[in-house]
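S.K.: The following comprises the amino acid sequence and a computationally predicted model.
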Amino acid sequence: MPHVRTADFDCWYEDDCFASPWREQDVVLIQHGFGRNAQYWRHWVPDLARAHRVIRRDMRAHGGSSSGEVAWSVEGLVADVIAFLDALGLERVHYVGESLGGITGIALGAMHPERFHSITLVQTPLRLGKPLQDAMRGDYPSWSAALRDLGPGGWVTRGRSAGDPQAEWDRAQWDRCDPDALVALCETTPKVDVEDLLPKVATPTLVLAPAVSIFTPISEQFVIRTRIPDAEIEVFEGCGHNIYVDEPERCTARLLRFIEQRAELGS
């Protein structure tokens, strides 16, 4: 797949569509979260790409994308997505964002609703404050100190069994990040809080919510559902973080149903 120049960096993306080529397809844009990349969403593509064009974008400094002049902020992440849409000539898309990608989705729905048919928030926190920072740092004084010492791949696989194929794959994917840029992003996260943007989201929104994630408490997920004017929620009972990996068929089925129902309503 190609790179496209957006703002000050080269953005890598994957582009799949298996729908009838003579029919116009809506675009589903998938945005991963912190440390990950488009490869984490491969298992969503078969279900979605039968009827839609599916684009998976690597955030700056992640996966195959270059870093550019990194100055992390929610507003900057929003600007990067809009620049990507402009570079590909995409007027309006369905947006799917996970974790930090979901935080970006809330901001996009508030700041640029005209560019989105819908927004889907997958295990999305409202803020990345002390509880999350404490969980991420482990025995280190800070999350950024852990990342610096272990490296991205070492940090994400800490405590996992040596020789575990999935752990080795995770390590390889996270080590594709620019480590300095990832540390800089980590150091920005305590300032992130998008709760005040929720009433301003002017795009139909679907919340895919794990019931027992320590990073996205279910009470917070219902705050998102309640305070966004036009939102629905699907609760994954008994599921912790990473529902998009553990329950892909259920996630894609719910997303497709949401898109179809909203199209029928003319949203």
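M.R.: Looks like it arrived, so ask away. Numbers count the residues shown, from 1 in each chain.

S.K.: Please count neighbours and contacts with C-alpha atoms only from this point.
M.R.: Noted.

S.K.: which residues are contacting the helix or strand bottoming out on mean pLDDT in the chain?
M.R.: Between all helices and strands in the chain, the lowest mean by mean pLDDT, DSSP states H and E belongs to helix 130-137, at a mean of 90. For helix 130-137, the external contacting residues (C-alpha atoms under 8 Å, 6 or more residues apart in numbering) are 142-146, 190, 215.

S.K.: Give me the buried positions along that helix.
M.R.: Residues 132-133, 136-137 are the ones in helix 130-137 that count as buried (16 or more other C-alpha atoms under 10 Å).

S.K.: again with stretch 170-188
M.R.: Here stretch 170-188 shows 170-171, 173-183, 185-188 as buried, counting by 16+ other C-alpha under 10 Å.

S.K.: All the helices of the stretch 101-250 of the chain, in order from the start?
M.R.: 130-137, 143-156, 165-174, 179-188, 218-227, 243-246, 248-265 (DSSP state H, counting those that start in this stretch).

S.K.: So for residue 122, which of those sits nearest?
M.R.: In terms of C-alpha to C-alpha, the element of the helices of the stretch 101-250 of the chain nearest to residue 122 is helix 243-246, at 7.3 Å.

S.K.: Tell me where the stretch 1-150 of the chain has strands.
M.R.: Secondary structure of the stretch 1-150 of the chain (DSSP state E, counting those that start in this stretch): strands at 3-6, 9-16, 27-31, 53-57, 93-98, 116-122.

S.K.: Distance of the closest residue to residue 61 other than its chain neighbours relative to residue 39?
M.R.: Among residues not flanking residue 61 along the chain, residue 67 sits closest, at 4.1 Å (C-alpha to C-alpha, 6 or more residues apart in numbering). Computed as C-alpha to C-alpha, to the nearest Å, the residue 67 to residue 39 distance reads 18 Å.

S.K.: For these two, indicate the residue with more neighbours.
M.R.: The neighbour count for residue 67 versus residue 39, taken as other C-alpha atoms under 10 Å, is higher for residue 67 (20 against 15).

S.K.: who touches that one in this structure?
M.R.: 9-10, 60-61, 178, 181.

S.K.: and the two most separated of those?
M.R.: 10 and 181 (14.8 Å).

S.K.: which one of the helices of the stretch 101-250 of the chain lies closest to residue 74?
M.R.: Checked against C-alpha to C-alpha, the stretch from those lying closest is helix 179-188, at 9.6 Å.
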